[in-house]
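Chemist: give me a model of this one.
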Amino acid sequence: MISRVKANAKKRVSAKAWRRLQMVRARLTDVAAEGWARLAAAPAHAAPDIVTVKVSERTRLVRRLDYPSANLRLLVTSSIEQRTRLHSSQKEPETVEWLERTFADSSVLYDIGANVGAYSLVAAAVGGPGSRIIAIEASPFTFASLCANVLLNDFTGRITPLQLLLTERAGIRSFVLESTIAGEASHPGERAGRPGLDLAAIPLDEAVSLFDLPKATHLKIDVDGGEEAVLDGAGGMLRSPMLKHVVIEVESGRTDLGHVERTLAEAGLTRVNVVRHGASETYNWVYQRLDASPQERTVLEADPPQAG
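Modeler: Modelled structure (predicted):
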């Protein structure tokens, strides 16, 4: 009944007005939730520390990911995990469709910027026991949730989580994090211009060689502004005939679009699809090597960002 009322209401207003209503609704929900959280936390603050710790250990929240074709679960430790990561299929249906259409039992996905692992889990479910996923996440706080989700879904044989910052050359890099909350994204990173957390950084090609990782057939990059550094350290992987499919998230004004286009074109990869995320300036660019099996190449959005 509620879903029917919501659907009817959505039809009666413009898309812009609906987005604003959803933002207001989310804000009011957050305010209400914060009030309830303060009330619930009051007894814990008054209790001995050991009681507070034990309560925290026993209130682990696990919920189902919104992927309808498999029973995949996420550990929920933050509001962004509850609001966004649990709804990853709804957030990026094109990524789920890309995996369902191209990922198979012998495929190998490198999920760069894996966050808590939602799309790595989908890939593991789609690909089956013969597939491999290398899930790479820079934030140590989010990485902990990624590892927990691999264990929670019993995918230890399919998903290999690595906590690395991928760059064009190896070293220790100062990386500014948006927060220490698991599931957070859009970290200021190396471009912040202020001190951050020192992280181990390595080019992707070197990581593959050093850790004896399998060759990629699929590459997914979602690093919120660090795309050029990842690509510059992955020339060997990009040129490999084994790599057939690439999805990379780009953002006008934040990503060097021309650099991304040139790098992938020089590696022999052709852009076959562009999907815009709502009314934002963020897009998923979908590439494939043309000797791959035939795939749907319909451009879902007519206004892709132009390289500058």
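Chemist: could you use CA atoms for every contact and neighbour count after this?
Modeler: Will do.
Chemist: in the stretch 51-200 of the chain, where is pLDDT below threshold?
Modeler: 51-59, 189-193 (pLDDT under 70).
Chemist: mind listing the helices for it?
Modeler: Listed from the start of the chain, the stretch 51-200 of the chain has helices (DSSP state H, counting those that start in this stretch) covering 79-83, 88-91, 93-102, 118-127, 140-152.
Chemist: for these, give me TSV that also has distance to residue 231 and mean neighbour count.
Modeler: Shown next, in TSV, are those (distance: least, CA to CA, whole Å; neighbours: other CA atoms under 10 Å):
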stretch	distance to residue 231	mean neighbour count
helix 79-83	28	16
helix 88-91	24	17
helix 93-102	19	17
helix 118-127	20	25
helix 140-152	21	20
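Chemist: distance of residue 210 relative to residue 232?
Modeler: Note on residue 210: its distance to residue 232, by CA to CA, to the nearest Å, is 17 Å.
Chemist: looking at these two, which is more packed in?
Modeler: residue 232 (20 against 9; other CA atoms under 10 Å).
Chemist: partner strands of the helix or strand that contains residue 201, with direction?
Modeler: Using DSSP states H and E, residue 201 sits in strand 197-202. According to DSSP bridges, the neighbouring strands of strand 197-202, each with its direction, are strand 165-166 (parallel), strand 171-175 (antiparallel).
Chemist: what residues of the next helix or strand after it count as buried?
Modeler: Towards the C-terminus, the helix or strand next in line after strand 197-202, according to DSSP H and E, is helix 204-210. Judged by neighbour count using 16 or more other CA atoms under 10 Å, the buried positions of helix 204-210 are 204-208.
Chemist: tell me what helix 204-210 is packed against?
Modeler: Here helix 204-210 is seen to pack against helix 235-239 when contacts are counted using 3 or more CA pairs under 8 Å, 6 or more residues apart in numbering; DSSP states H and E.
Chemist: hey, C-alpha coordinates of the helix it packs on in CSV?
Modeler: Written as CSV, here are the backbone C-alpha positions of helix 235-239 (Å, rounded to 0.1, in the frame of the first residue of the first chain):
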residue,chain,number,x,y,z
GLY,A,235,49.5,0.3,-18.2
GLY,A,236,50.4,-3.4,-18.3
MET,A,237,47.0,-4.5,-17.2
LEU,A,238,45.2,-2.1,-19.6
ARG,A,239,47.2,-3.3,-22.6
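Chemist: pull out the buried positions in the one helix or strand residue 220 maps to.
Modeler: With elements taken from DSSP H and E, the one containing residue 220 is strand 218-221. Of the residues in strand 218-221, those scored as buried under the neighbour-count criterion (16+ other CA under 10 Å) are 218-221.
Chemist: distance to residue 145 for those - can I get that in JSON lines?
Modeler: JSON lines is the format used below for those (distance: CA to CA, whole Å):
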{"residue": "218", "distance to residue 145": "23"}
{"residue": "219", "distance to residue 145": "21"}
{"residue": "220", "distance to residue 145": "19"}
{"residue": "221", "distance to residue 145": "19"}
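Chemist: turn these into a markdown table, columns for pLDDT and distance to residue 114.
Modeler: Shown next, in a markdown table, are the buried residues of strand 218-221 (pLDDT from 0 to 100; distance: CA to CA, whole Å):
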| residue | pLDDT | distance to residue 114 |
| --- | --- | --- |
| 218 | 98 | 14 |
| 219 | 98 | 11 |
| 220 | 98 | 9 |
| 221 | 97 | 8 |
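Chemist: out of those, who's nearest residue 247?
Modeler: Residue 247 lies nearest to residue 220 out of these, by CA to CA, at 4.8 Å.
Chemist: right, and the closest one touches residue 112 too?
Modeler: Yes: the pair formed by residue 220 and residue 112 meets the contact definition of CA atoms under 8 Å, at 5.9 Å.
Chemist: before we move on, back to that, ok now the helix or strand just after the strand holding residue 220, how far from the chain's centre?
Modeler: Helices and strands here follow DSSP H and E; after strand 218-221, the next one along the chain is helix 227-232. The gap between the average C-alpha position of helix 227-232 and the chain average comes to 16 Å, counting by CA atoms, centre = their mean, to the nearest Å.
Chemist: for stretch 199-217, same thing?
Modeler: Relative to where its chain is centred, stretch 199-217 has its mean C-alpha point 19 Å off (CA atoms, centre = their mean).
Chemist: what about that stretch, start to end distance?
Modeler: Start-to-end span of stretch 199-217 (CA to CA) is 27 Å.
Chemist: what does that stretch contact?
Modeler: The set of residues external to stretch 199-217 that reach it, using CA atoms under 8 Å, 6 or more residues apart in numbering, is 107-110, 138, 164-175, 230, 232-237, 242-245.
Chemist: just the buried residues of those.
Modeler: So, of the contacts of stretch 199-217, 107-110, 138, 164-168, 170, 173-175, 230, 232-235, 237, 242-245 end up buried under the neighbour-count rule (16+ other CA under 10 Å).
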